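K.L.:
Sequence plus predicted model, see below.
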Amino acid sequence: MSDFDVIVVGAGPAGSCAALTIARTGKSVALIERGPFPGSKNMYGGVVYPRILDALIPEWWNEMPVQRWVTRRSTMLLTDTQSLSIDFRSDAWGDAPYNGATAFRPDFDNWLANKAVEAGATLVCSTTVTGLITNANGAVIGIHTDRPDGDLTASVVIACDGVNSFLAKEHGMYPHTDAAHFTLGVKETITLSKEIIDERFAVRGNQGVDIEILGGTSGVNGGGFIYTNLDSLSVGVVLKLPKLAAQSKRPEEIIAGLKSHSAIAPLVEGGTISEYSAHLIPEAGLKMMPTLLDDGLLVAGDAAAMCLAAGIWLEGVNFAMASGMYAAQAACEAIEKGNTSAKGLSLYKKLLEDTFVLRDHRKLRRAPQLVLSDRVQHMYPALITSVVQGMFHVNNPLPKPGLRKILKDERRRLGIRTIDLAKDAITGFRSFG
Amino acid sequence: MSLQWPDISFQDRMATAEFRVHERAHIVVNSDSCNGCTTRACVVACPANLFVPTSDGGIVFNYEQCFECGTCYMVCNEEGAISWTYPEGGHGIVFHHT
């Protein structure tokens, strides 16, 4: 007889949604968290898209700990001396059921874990899982922890142990780990008064802004971001690991460079850094995804690389919550049928395939590589901004040049080949079209 | 040209994050590998600046103010030179406004 029907490792959004789903069926579930409280190890860019919670917590928006509801979304291109923004605002995103919200993960994750506890899950914090227990056939039957006599057994273990997932790696679910599949996110939480934020970002009440930035990362492939919290900003960069490692600027210097840009400095100046943080992001999507299930084991959330880094879409918490919920449904079905082998757990794969979790990843499988490519990172922002400058710059007594001529001249000046431009346009269209 | 950003010292920057330090180091570095390493990727990439080169060609490291991100062992090109596990439960980085 096992200690629990299911053990969930990691009380992030994947783990808590898994534990909540299992507890609601009346099965016993332990939710093991290595931090002193759920969310204490977690940091992210800054926006949660919670609609998947409709399935678990009706009218979640009335209780979810939110900083601001995102009603304005900007995509910004930066060169050293120029910026170009596409700025979108929707009043509909300021009313239920909303679209995205800024939230602090220690608040959000803690809230979600407590929903699982209210449903009957056993939350065990301050406990690091150090390995999987397998039987003679290699099936996972439990976990080792760093507590004295801390082994626990279960019919199914769901590994939601985050981007470094030592459990998935230990069990051979990742054939190899490639640093090129990861970016480092570094962030400053910058305290500013609500009034100043409302004024600088042109929002009111609990409305917020999400600014995604291409360029401004000191030549390291990646991107930047600014999110408004209630009375602070989240400002940071994501940096492709091999590119970061191959140059000499440190992460905090790269943030400083972004903050000193003439388009960014007026938004952040005068604020004080109240928290500096860092976390890895699994960026390569479908290409890096591990084996998702084995006998007695399911992998979900960042541990399964279910993070969508596709340039104009940057999502992860929603993928984590959904994959956790689907893993739980598969675990429950397998336990009820008395077959927790990989075959018995295969509903997980089907649920992922049938929903946005793997459908988005499949459609956007080429996007992460394109977005982080040298041309998109280093050439196209310069091309686009110089074409725009050529259009709007009044250079009398010369007459206005035609758009086609500007594009041709700038493309030549930057050394961008037409064939590459066409190739990237096709890849972009296949991903985003 | 871009403005210079008046930044805080690195020590003050790290002091904004809470670390509940455990006596056991969760990072172990094989200094033999470091002595022959020319890339020193961990030195530039670690967001907490935990890896510091020494004059004799080695690297000294701290584990106390670690974000537990995993960047160091991912960028290290010497297989196994940095071995890295999670700290004891309840210890290490504790985020609050992230």
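P.N.:
Thanks, I have it.
K.L.:
Which residue does chain A have closest to chain B?
P.N.:
Residue nearest to chain B within chain A: residue A:126 (3.0 Å; CB to the nearest CB). For glycine as for every other residue, the C-beta is placed from the backbone atoms N, C-alpha and C.
K.L.:
Quick check: nearest residue in space to that residue, chain neighbours excluded?
P.N.:
residue B:90 (3.0 Å; CB to CB, 6 or more residues apart in numbering or on different chains).
K.L.:
now do residue B:34
P.N.:
Sequence neighbours aside, residue B:59 is the residue nearest to residue B:34 in space, at 4.3 Å (criterion: CB to CB, 6+ apart).
K.L.:
Can you give me the distance of the one you found to residue A:382?
P.N.:
37 Å (CB to CB, to the nearest Å).
K.L.:
Next: residue B:51.
P.N.:
Distance from residue B:51 to residue A:382, by CB to CB: 34 Å.
K.L.:
Could you measure from the residue of chain A closest to chain B over to residue A:308?
P.N.:
31 Å.
K.L.:
Next one: residue B:58, what pLDDT does it get?
P.N.:
We note a pLDDT of 84 for residue B:58 in this prediction.
K.L.:
Equivalent analysis for residue B:66, please.
P.N.:
Residue B:66 is assigned 98 on the pLDDT scale.
K.L.:
did I read that right, residue B:38 in a strand?
P.N.:
No. Going by DSSP: H, G, I helix; E, B strand; the rest coil, the assignment for residue B:38 is coil, not a strand.
K.L.:
Mind telling me what element residue A:340 is part of?
P.N.:
Of the helices and strands defined by DSSP states H and E, none includes residue A:340.
K.L.:
The residue of chain A closest to chain B reaches residue A:32, doesn't it?
P.N.:
No. With contact defined as CB atoms under 8 Å, residue A:126 does not count as touching residue A:32 (9.9 Å).
K.L.:
what about those two, which has more around it?
P.N.:
Here residue A:126 and residue A:32 are compared on neighbour count by other CB atoms under 10 Å in any protein chain shown; more neighbours surround residue A:32, at 28 against 18.
K.L.:
Could you measure from the more buried one over to residue A:281?
P.N.:
Using CB to CB, one obtains 23 Å as the distance from residue A:32 to residue A:281.
K.L.:
Would you pull up the residue in chain B closest to chain A?
P.N.:
Counting by CB to the nearest CB, chain B gets nearest to chain A through residue B:90 (3.0 Å).
K.L.:
Let me see the confidence value for that residue.
P.N.:
Listed pLDDT for residue B:90 reads 98.
K.L.:
quick one, what contacts it?
P.N.:
For residue B:90, the contact set (CB atoms under 8 Å, 6 or more residues apart in numbering or on different chains) comprises A:34-36, A:125-127, B:20.
K.L.:
What's the local residue count around the nearest residue to residue A:198 once chain neighbours are set aside?
P.N.:
Nearest residue to residue A:198 in three dimensions, chain neighbours excluded: residue A:204, at 5.9 Å (CB to CB, 6+ apart). Neighbours of residue A:204 under the rule other CB under 10 Å: 9.
K.L.:
shaky segments in chain B?
P.N.:
B:1-7 (pLDDT under 70).
K.L.:
Enumerate the residues of it near chain A.
P.N.:
Chain B has residues B:1-5, B:7-8, B:10, B:13-14, B:16-17, B:20, B:39, B:41, B:44-45, B:47-49, B:67-71, B:74-75, B:85-90, B:92-98 near chain A, with proximity defined as CB under 8 Å from any CB of the partner chain.
K.L.:
Now list the buried members of those.
P.N.:
Buried subset of those (neighbour count, 16 or more other CB atoms under 10 Å in any protein chain shown): B:2, B:5, B:7-8, B:13-14, B:16-17, B:41, B:44-45, B:47-49, B:67-71, B:74-75, B:85-90, B:92-98.
K.L.:
Surely residue A:263 is in a helix?
P.N.:
No. Residue A:263: not assigned to a helix; according to three-state DSSP it is coil.
K.L.:
right, and it touches residue A:80 too?
P.N.:
No. The pair residue A:263 / residue A:80 is not scored as a contact, 10.8 Å apart, by CB under 8 Å.
K.L.:
who's more crowded, those two?
P.N.:
residue A:263 (19 against 14).
K.L.:
Could you report the neighbour count for the nearest residue to that one once chain neighbours are set aside?
P.N.:
Leaving aside its sequence neighbours, residue A:263 sits nearest to residue A:83 (CB to CB, 6+ apart; 3.7 Å). By the measure other CB under 10 Å, the count of residues near residue A:83 is 17.
K.L.:
Show me where chain B has its strands.
P.N.:
When assigned using DSSP state E, the strands of chain B occupy the ranges B:18-20, B:27-29, B:51-53, B:59-61, B:82-84, B:92-94.
K.L.:
Do you know the pLDDT at the residue nearest to residue A:263?
P.N.:
97.
K.L.:
Can you tell me how far the residue most central in space within chain B is from residue B:64?
P.N.:
The centroid of chain B falls nearest to residue B:50 when counting by CA atoms, centre = their mean (3.1 Å). From residue B:50 over to residue B:64 the distance is 8 Å, taken as CB to CB.
K.L.:
May I see the domains of chain A written out as residue ranges?
P.N.:
Following automatic domain parsing, one gets these domains for chain A: A:4-66+A:104-177+A:287-365, A:180-282, A:373-432.
K.L.:
Quick one: mean pLDDT for the last one?
P.N.:
Meaning domain A:373-432. Taken as a whole, domain A:373-432 has a mean pLDDT of 93.
K.L.:
ok, and does it reach over to chain B?
P.N.:
No. Domain A:373-432 stays out of contact with chain B when judged by CB under 8 Å from any CB, the minimum separation being 15.0 Å.
K.L.:
Can you get me the start-to-end distance on that domain?
P.N.:
End-to-end distance for domain A:373-432, by CA to CA, to the nearest Å: 16 Å.
K.L.:
which of the residues in stretch A:283-302 are buried?
P.N.:
Result for stretch A:283-302 [16+ other CB under 10 Å]: buried residues A:283-286, A:288-290, A:292-302.
K.L.:
oh, I was asking about stretch A:339-351
P.N.:
Residues of stretch A:339-351 classed as buried: A:340, A:342, A:344-349, A:351 (neighbour count, 16+ other CB under 10 Å).
K.L.:
So which of those is the closest to residue A:160?
P.N.:
The nearest member of the buried residues of stretch A:339-351 to residue A:160, counting by CB to CB, is residue A:348 at 12.7 Å.
K.L.:
wait, isn't that closest one in contact with residue A:291?
P.N.:
No. Judged on CB under 8 Å, residue A:348 makes no contact with residue A:291 at a distance of 11.4 Å.
K.L.:
Could you list the low-pLDDT ranges of the stretch 1-150 of chain A?
P.N.:
Within the stretch 1-150 of chain A, no range satisfies pLDDT under 70.
K.L.:
For residue A:278, list each beta-bridge partner.
P.N.:
residue A:186 (DSSP bridges).
K.L.:
pLDDT value on it, please?
P.N.:
Note on residue A:278: pLDDT of 98.
K.L.:
Show the contacting residues for it.
P.N.:
Residue A:278 neighbours (CB under 8 Å, 6+ apart): A:43, A:184-187, A:251, B:47-48, B:67, B:69, B:71.
K.L.:
cutoff 6 Å now
P.N.:
A:186, B:47, B:67, B:69 (CB atoms under 6 Å, 6 or more residues apart in numbering or on different chains).
K.L.:
do the same with residue A:305
P.N.:
Counting by CB under 6 Å, 6+ apart, the residues that residue A:305 touches are A:282, A:288-289.
K.L.:
Tell me how many other residues crowd residue B:80.
P.N.:
Look at residue B:80: counted by other CB under 10 Å, it has 10 neighbours.
K.L.:
From residue B:67, how far out is it?
P.N.:
Note on residue B:80: its distance to residue B:67, by CB to CB, is 22 Å.
K.L.:
Then residue A:6?
P.N.:
Residue A:6 sits 30 Å away from residue B:67, going by CB to CB.
K.L.:
likewise residue A:400?
P.N.:
For residue A:400, the distance to residue B:67 equals 52 Å [CB to CB].
K.L.:
Residue A:253 now?
P.N.:
Residue A:253 is 17 Å from residue B:67, by CB to CB.
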